[in-house]
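*Asks:* fold the following for me, if possible:
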Amino acid sequence: QVQLVESGGGLVQPGGSLRLSCAASGTIFSLDVMDWYRQAPGKQRELVAGLTSGGTTTYADSVKGRFTISRGNAKNTVSLEMNNLKPEDTAVYYCHAVRRTTTPTTKNEYDYWGQGTQVTVSS
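*Replies:* So this is what the prediction gives:
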């Protein structure tokens, strides 16, 4: 069973920085996609930043130029560097991963989620 464990959340003042990390365990296979979602109170969960195994990155418009997603040196790890944080970035941040398998007759996709880490931006 794949498990994702996040770390690095906390309280930071507006304009500050935080770095979130996520490590996957329980699999010997490389994960095809690792990304970060967030959910603020009363809002839907949204994609913040994504990274494919091929190195393609995706960012929400609201974080472009401020957040950077990258793979760690260890297999199946990913980090999110968050700079110039704003109060509207306050949310629970979730690590998410996808593994895809293909056989001659089937294609399967498996989704995994971490438990989330709180990020609060406030003065």
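
*Asks:* make it CA atoms for all contacts and neighbour counts henceforth
*Replies:* Will do.

*Asks:* can you name the residues bridging to the residue nearest the centre of the chain?
*Replies:* Central residue of the chain (CA atoms, centre = their mean): residue 36, 2.1 Å from the mean position. Beta-bridge pairing for residue 36 (DSSP bridges): residue 49, residue 95.

*Asks:* retrieve the pLDDT associated with it.
*Replies:* We have a pLDDT of 98 for residue 36.

*Asks:* equivalent analysis for residue 7, please.
*Replies:* Residue 7 is assigned 93 on the pLDDT scale.

*Asks:* got the contact list for it?
*Replies:* Counting by CA atoms under 8 Å, 6 or more residues apart in numbering, residue 7 touches 20-22, 117.

*Asks:* got CSV for the residues you listed, with distance to residue 64, secondary structure and pLDDT too?
*Replies:* Output for these, formatted as CSV (distance: CA to CA, whole Å; DSSP: H, G, I helix; E, B strand; the rest coil; pLDDT from 0 to 100):
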residue, distance to residue 64, secondary structure, pLDDT
20, 16, strand, 97
21, 19, strand, 96
22, 20, strand, 96
117, 21, strand, 96
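
*Asks:* so for stretch 72-90, what's the average pLDDT?
*Replies:* Mean per-residue pLDDT for stretch 72-90: 94.

*Asks:* sorry, back to before: the residue nearest to the centre of the chain against residue 45, yeah?
*Replies:* No: using CA atoms under 8 Å, residue 36 is not in contact with residue 45, being 10.2 Å away.
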